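# sequence first, predicted model second:
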Amino acid sequence: MSLETKLKQYARLLIRTGCALKPGQEVLLTAPVEAAGFARMVVEEAWNAGAGAVTVEWVDDTVTRLKYLHAPLSAFEKVPDWLALQRNGTVERGGIILSLEGDDPDGMAGVDPSRFTAWSRASHRDCKAFYDGMDLGRNVWCIAGAATPRWAKKVFPHLSEGEAVEKLWEAILSTARADGPDPDKVWREHSAAFQRRVALLDARQFDALRYTAANGTDFTVGLNKDHIWAGGGAQTVDGVWFFPNMPTEEIFTTPHRDWAEGIVHSTLPLNYNGGLIEDFWVKFEEGRAVDCGAAKGLDLLKSILAVDEAAAHLGEVALVPHASPIAQSGILFYSTLYDENAACHLALGKGFPECVKGGLEMDEAALREHHINLSATHVDFMIGTADLNITGILPDGTETPVFCDGNWTGEFE
């Protein structure tokens, strides 16, 4: 197949499988202007699938950077009324949120991190319905990659711009399982493969997980009573099965907000709001990050922890084997969407209500009582290594190996 044919097939996959679009539904698409050609394919596919409305919110890295460099701080402390109305209105009408990611990994280098913090706080306050729609399982949402020149040159610096873009598209299509003759079937099979391990982990109901690796990671995280593992897709409260991330290789749950002890070391750079945080570590006591360090981007890392009180607590633990196809590709994408599917990871900030029994029916007070972290941010960072060992600990102290040398072991293989 030609690249154009594969891209059209990928657009169809995102709309019909990733978003599970139903006739008459709205689609709010966020897309980089540099990937306009592919975005138009997605729009056309949405109309072909019977969308009731399709709105495109274009993102321009250069324009965004200029705003962050020159606008007054007050511009980041409140979401414009029109934008809040658009986002909140879309989810309130049952719409789908589809985001194409193609940010320049260095696009926000040198920007004052306090501006990102202010915008994150304002967004979650002024667009609460928008975020609740996704976080509480009311709306379908999907994030997928789209190759752009500056991103491609970061990943493949030794190639010409055109060659880099084409090679990045090939990597995106391969990792999204969209380069074969029947991607929809492949994704159904991919999703089914997760379910055996999810069932095994749910049945075990480990009290905690302990992580150790030669790089200095020595860390224990507690799991909530009646926690639920997820992976391979998600389901809305009204039963629609969809894929929030394409690609996906992770099985994850939400940890106990106040039970994390020890130190974890990052194993891949973290691209946060267009800036890179590299070679960093975080130390936890009683569930809270109490110290951190980084070879690069320490101020950015500290800005994540400062978004709100809950940002220094964990909202996710995710298990990804070193044998993951993305890890084995050897490509560093400088994008969390891809790099988190190459390594075990944790997330600072917001937890997932669906990862505790009955969580989607709980109000915020009940979620807090069940030790689910509630925050205005959710930032994944990668800690997986080829020698990572993870031990599951039962309430009676019994220990079971879950990962050995970076991969599933024992009953979980």
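All right, it came through fine. Numbers count the residues shown, from 1 in each chain.
# quick one: the spatially most central residue of the chain and Pro247, what's the gap?
Note on the chain: the residue nearest the mean C-alpha position is Leu337, at 5.4 Å, using Cα atoms, centre = their mean. Noted for Leu337: a distance of 8 Å to Pro247, by Cβ to Cβ, to the nearest Å. Just so you know, the C-beta spots here come from the backbone N, C-alpha and C atoms, and that holds for glycine as well.
# returning to what we had before: spit out the contact partners of the residue nearest to the centre of the chain.
101, 143-145, 245, 247 (Cβ atoms under 8 Å, 6 or more residues apart in numbering).
# and the nearest residue to Ala53 once chain neighbours are set aside, what does it touch?
Nearest residue to Ala53 in three dimensions, chain neighbours excluded: Glu26, at 4.5 Å (Cβ to Cβ, 6 or more residues apart in numbering). Residues near Glu26 by Cβ under 8 Å, 6+ apart: 51-55, 90, 93-96.
# helix, strand or coil for the residue nearest to the centre of the chain?
Three-state call for Leu337 (DSSP: H, G, I helix; E, B strand; the rest coil): helix.
# pLDDT value on it, please?
pLDDT, Leu337: 94.
# one more: the one 4 residues further on?
The pLDDT attached to Asn341 in the predicted structure is 93.
# what distance do you get for the closest residue to it other than its chain neighbours to His265?
Leaving aside its chain neighbours, Asn341 sits nearest to Glu249 (4.1 Å; criterion: Cβ to Cβ, 6+ apart). As judged by Cβ to Cβ, Glu249 and His265 stand 21 Å apart.
# who has more neighbours, those two?
Neighbours per residue, other Cβ atoms under 10 Å: of Glu249 and His265, the larger number sits with Glu249, 24 against 18.
# isn't there a helix covering the more buried one?
No: Glu249 is assigned coil when assessed by three-state DSSP, not a helix.
# that one is in contact with Ser329, isn't it?
No: between Glu249 and Ser329 there is no contact under Cβ atoms under 8 Å: 11.3 Å.
# quick one: distance of stretch 67-83 to the chain centre.
25 Å (Cα atoms, centre = their mean, to the nearest Å).
# what of stretch 273-283?
Centre to centre, stretch against its chain (Cα atoms, centre = their mean), the figure for stretch 273-283 is 16 Å.
# that one: which residues count as buried?
273-277, 280-283 (16 or more other Cβ atoms under 10 Å).
# what's the answer for stretch 388-395, then?
For stretch 388-395, by 16+ other Cβ under 10 Å, it's 388-393.
# okay, the nearest residue to Phe352 once chain neighbours are set aside: pLDDT?
Excluding its sequence neighbours, the residue lying closest to Phe352 (Cβ to Cβ, 6+ apart) is Thr254, at 4.7 Å. pLDDT for Thr254: 97.
# since we're on Thr254, how many residues are nearby?
Other residues close to Thr254 by other Cβ under 10 Å number 29.
# what sits against it?
224, 227, 315-317, 351-353, 355-356, 372-373.
# would you map the strands across the stretch 201-350 of the chain?
With DSSP state E, counting those that start in this stretch as the criterion, the stretch 201-350 of the chain has strands at 208-212, 218-223, 230-231, 234-235, 241-242, 245-246, 251-253, 255-265, 270-272, 275-285, 288-296, 314-319, 345-349.
# pull up the pairing partners for the second one, direction included.
Read that as strand 218-223. Each strand paired with strand 218-223, and its direction, by DSSP bridges: strand 208-212 (antiparallel), strand 255-265 (antiparallel).
# roughly how far apart are Lys329 and Asp182?
Wrong residue type there; residue 329 is Ser, not Lys. 22 Å.
# more neighbours, the two?
Between Ser329 and Asp182, counting by other Cβ under 10 Å, Ser329 is the more crowded of the two (14 against 10).
# surely the more buried one touches Ser174?
Yes: between Ser329 and Ser174 there is a contact at 7.5 Å, judged by Cβ under 8 Å.
# ok, which stretches of the stretch 101-250 of the chain are helices?
113-126, 128-135, 149-155, 161-175, 183-204 (DSSP state H, counting those that start in this stretch).
# just the ones you listed: most buried one?
Neighbour counts (mean count of other Cβ atoms under 10 Å) averaged over each of the helices of the stretch 101-250 of the chain peak at helix 149-155, with a mean of 22.
# how does this structure divide into domains?
3-175, 196-232+240-412 (automatic domain parsing).
# would you list those domains in CSV and tack on distance to Trp187?
Below are those laid out as CSV (distance: least, Cβ to Cβ, whole Å):
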stretch, distance to Trp187
domain 3-175, 5
domain 196-232+240-412, 7
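# I'd like to know which of those lies nearest to Val186.
Among the domains of the chain, the nearest to Val186 by Cβ to Cβ is domain 3-175 (9.2 Å).
# quick one on the thing from earlier: looking at the strands of the stretch 201-350 of the chain, spot the one closest to Arg125.
Of all the strands of the stretch 201-350 of the chain, strand 345-349 comes closest under Cβ to Cβ, at 14.9 Å.
# okay, buried residues for the helix or strand that the closest one is followed by please.
Later in the chain than strand 345-349, the nearest helix or strand by DSSP states H and E is helix 364-369. By neighbour count with 16+ other Cβ under 10 Å, helix 364-369 contains the buried residues Leu367.
# for Ala234, give its distance to Gly262.
Distance from Ala234 to Gly262, by Cβ to Cβ: 30 Å.
# neighbour-wise, which of these two wins?
Taking neighbours as other Cβ under 10 Å, Ala234 and Gly262 compare with Ala234 leading, 20 against 17.
# how about that one: what's its closest non-neighbour residue?
Pro244 (5.3 Å).
# if we can go back for a sec, buried subset of the contacts of Leu337?
101, 143-145, 245, 247.
# picking up where we left off before, possible to save the helices of the stretch 101-250 of the chain as JSON lines with distance to Ala306 and mean pLDDT?
Listed next are the helices of the stretch 101-250 of the chain as JSON lines, based on distance: least, Cβ to Cβ, whole Å; pLDDT from 0 to 100:
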{"stretch": "helix 113-126", "distance to Ala306": "6", "mean pLDDT": "94"}
{"stretch": "helix 128-135", "distance to Ala306": "19", "mean pLDDT": "95"}
{"stretch": "helix 149-155", "distance to Ala306": "27", "mean pLDDT": "97"}
{"stretch": "helix 161-175", "distance to Ala306": "33", "mean pLDDT": "97"}
{"stretch": "helix 183-204", "distance to Ala306": "33", "mean pLDDT": "94"}
